[in-house]
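Enquirer: Task: produce atomic coordinates for the following.
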Amino acid sequence: MRIRLSSLTLTLCALCALAVASAWAQDDKMMPDAPIMKFRLPGFDEETGYRSWLLAGDEARVKSPEEIEVTAMVLKTFSSDDPINAQTTIQSPMAIIYPKEGIAWGTGLITIHDRYDAYSIIGEDWAWHNKEHRITINRDARVTFRESLGSIIE
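Expert: The predicted structure is shown next:
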């Protein structure tokens, strides 16, 4: 009887372990159903391993494993020369982020400031592509330069 009870206990433990392992294997299907408050997510350069961007927001809602909706987005980009100090700061009240691809977009307002406050850009209906180092603004774009442009415009 004692051997049978031990065997039953071991079988039960093995089944529990299998159930836990199965749940972990399906981890990509598990998504939070509540917003994540004070959200922060770094992105890293595939070649150097250095941080290339840092996404933050007041609230994030995971729509799928590939898509995140962020409220009060602040996106900072970094150069490989200086992964500590942000090169550019991008802000928008609402954005959709695809972190694996390094892409963000929004239909609302966007503001962009460089590290030295030499310029600022505002506009609407925008997209950011990290790998291409490109930001596209489709409506009402305005650029303000705070430094002399020299003889660029003649």
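Enquirer: Pop out the phi and psi values for residue 114.
Expert: Per-residue torsions, residue 114: phi -90, psi 170 (degrees, to the nearest 10).
Enquirer: Please apply the same query to the one 5 residues further on.
Expert: When quoted as degrees, to the nearest 10, the phi and psi of residue 119 stand at phi -150, psi 160.
Enquirer: Once you drop chain neighbours, what's closest to it?
Expert: residue 145 (5.1 Å; Cβ to Cβ, 6 or more residues apart in numbering). Any C-beta I mention is one placed from the backbone N, CA and C, and that applies to glycine too.
Enquirer: what do you get for residue 93?
Expert: Here the residue nearest residue 93, using Cβ to Cβ, 6+ apart, is residue 108, at 5.5 Å.
Enquirer: Partner strands of the helix or strand where the one you found lies, with direction?
Expert: Per DSSP states H and E: residue 108 is located in strand 103-114. Its sheet considered, strand 103-114 pairs with strand 88-98 (antiparallel), strand 119-129 (antiparallel) by DSSP bridges.
Enquirer: Tell me which residues of it come out buried.
Expert: Buried residues in strand 103-114, counted by 16 or more other Cβ atoms under 10 Å: 104, 105, 106, 109, 110, 112, 113.
Enquirer: Please apply the same query to stretch 110-129.
Expert: 110, 112, 113, 121, 122, 123, 125, 126, 127, 128.
Enquirer: Closest to residue 94 out of the residues you listed?
Expert: Within the buried residues of stretch 110-129, the smallest distance to residue 94 is 10.3 Å, found for residue 110 (Cβ to Cβ).
Enquirer: check contacts around the closest one.
Expert: Applying Cβ atoms under 8 Å, 6 or more residues apart in numbering, one finds that residue 110 lies in contact with 90, 91, 92, 121, 122, 123, 124, 126, 135, 137.
Enquirer: if you set the cut-off to 7 Å instead, what comes out?
Expert: 90, 92, 122, 123, 124, 126, 137 (Cβ atoms under 7 Å, 6 or more residues apart in numbering).
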